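K.L.:
mind folding the following:
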Amino acid sequence: METQNKPKAVSLMQPCYFPWLGHFHLWLNADEIVWLDTFQYSRSSFHSRNRIAANNEQGWQWLTVPVTNHLGDSLREATFSATSNWRRKHVQTITMQYARAPFHAELGPLLNFIAEGTFTNLAELNVGLLERLGQLLGITVPTRRASSLELKAQDRSERVKELLRVTGATTYLVARGSVDYMQSDGGWDAVPFNLKVQNFTGLPYPQVGKKKPFVSHLSILDAVANLGAVGVSQLLHDRSSDWQTFAEATSVKKP
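P.N.:
Alright, predicted model coming up:
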């Protein structure tokens, strides 16, 4: 367990496939990120899929990685369907969709990794892409994987708390989507670290070929292709104050 002599903000993130801008907003504001590669894979989440722009009525389409898994498998245990040529299809789809975007060339290293990378499971794929995206955006915040740490807790919230203790966190940067389970599990009112809940909402930016209103919460690919790495980095830095206390986040009344 690390000893902590100064404030340290830590965020714990499940590595998703080309996640949206909010993922990188968390990363940029942390002092350390832990990729939760040992957490359970969910087919209905963004672990193996995400949305990019499309020339259709809704303005977007899914990119889905075909995964072979058994109930309860972690992201490190989820492997790829041997019968699908998904790598080539994803590279072609992304290339064609963003060919006219002003910064489409910046997607090259990501597409090369999909096409030629030696990853063997979903965690390796997603972390590999995230690390390359971090380099592209100039994010220097250090990362490590949960699989590199010796953890004993099995309960969901207790595992998170153990990770925060092991990393020496004084502040936990909480993804907005985690608030519901934290409320459901309970036990977060007397923890020995500060809780800051992300309140980031994506601002509209120019999307090439769009005749319809801005489509929010698309994959980071859309922002990079349209704004470039420098533009995305500036957008994220401009939103560095978008946070709430845990009390504020949990006091919002649902209709």
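K.L.:
quick one: the strands in the chain?
P.N.:
Counting by DSSP state E, the chain has strands at residues 9-13, 32-35, 49-53, 60-64, 67-68, 79-80, 143-145, 171-174, 194-198, 243-245.
K.L.:
closest to residue 208 out of those strands?
P.N.:
Of all the strands of the chain, it is strand 49-53 that lies closest to residue 208, at 7.9 Å by C-beta to C-beta. Using the backbone N, CA and C atoms, a C-beta is placed for each residue, glycine as well.
K.L.:
dump the C-alpha coordinates for the closest one into CSV.
P.N.:
What follows is strand 49-53, C-alpha atoms only, in CSV (Å, rounded to 0.1, in the frame of the first residue of the first chain):
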residue,chain,number,x,y,z
ARG,A,49,-18.8,-1.4,-28.8
ASN,A,50,-19.3,2.3,-29.4
ARG,A,51,-21.0,4.7,-31.7
ILE,A,52,-19.5,6.7,-34.6
ALA,A,53,-21.1,9.0,-37.1
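K.L.:
residue 117 contacts residue 131, correct?
P.N.:
No. Using C-beta atoms under 8 Å as the test, residue 117 is too far from residue 131 to be in contact (11.2 Å).
K.L.:
for the stretch 151-255 of the chain, which spans come out with low pLDDT?
P.N.:
Applying pLDDT under 70 to the stretch 151-255 of the chain flags residues 210-212, 252-255.
K.L.:
helices along the stretch 51-200 of the chain, start to end?
P.N.:
For the stretch 51-200 of the chain, the helices defined by DSSP state H, counting those that start in this stretch occupy 86-97, 108-116, 122-137, 156-167, 179-185.
K.L.:
winner for burial among these?
P.N.:
Of all those, helix 122-137 has the most neighbours on average by mean count of other C-beta atoms under 10 Å, namely a mean of 20.
K.L.:
from residue 157, how far out is residue 33?
P.N.:
19 Å (C-beta to C-beta, to the nearest Å).
K.L.:
pull the CA atoms of the longest helix anywhere in the chain into PDB?
P.N.:
The single longest helix within the chain, with elements called by DSSP state H, is helix 220-238. Output in PDB follows, covering the C-alpha atoms of helix 220-238 (Å, rounded to 0.1, in the frame of the first residue of the first chain):
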ATOM      1  CA  ILE A 220     -13.600   9.800 -29.200                       C
ATOM      2  CA  LEU A 221     -12.900   9.000 -32.800                       C
ATOM      3  CA  ASP A 222     -15.500  11.500 -33.900                       C
ATOM      4  CA  ALA A 223     -14.000  14.300 -31.900                       C
ATOM      5  CA  VAL A 224     -10.400  13.600 -33.000                       C
ATOM      6  CA  ALA A 225     -11.400  13.400 -36.700                       C
ATOM      7  CA  ASN A 226     -13.300  16.700 -36.600                       C
ATOM      8  CA  LEU A 227     -11.300  18.700 -34.100                       C
ATOM      9  CA  GLY A 228      -7.800  17.100 -34.200                       C
ATOM     10  CA  ALA A 229      -5.800  16.200 -31.100                       C
ATOM     11  CA  VAL A 230      -5.000  19.800 -30.300                       C
ATOM     12  CA  GLY A 231      -8.700  20.800 -30.500                       C
ATOM     13  CA  VAL A 232      -9.900  17.900 -28.400                       C
ATOM     14  CA  SER A 233      -7.200  18.600 -25.800                       C
ATOM     15  CA  GLN A 234      -8.300  22.300 -25.600                       C
ATOM     16  CA  LEU A 235     -11.900  21.300 -25.300                       C
ATOM     17  CA  LEU A 236     -11.100  19.000 -22.400                       C
ATOM     18  CA  HIS A 237      -9.000  21.600 -20.600                       C
ATOM     19  CA  ASP A 238     -11.700  24.200 -20.900                       C
END
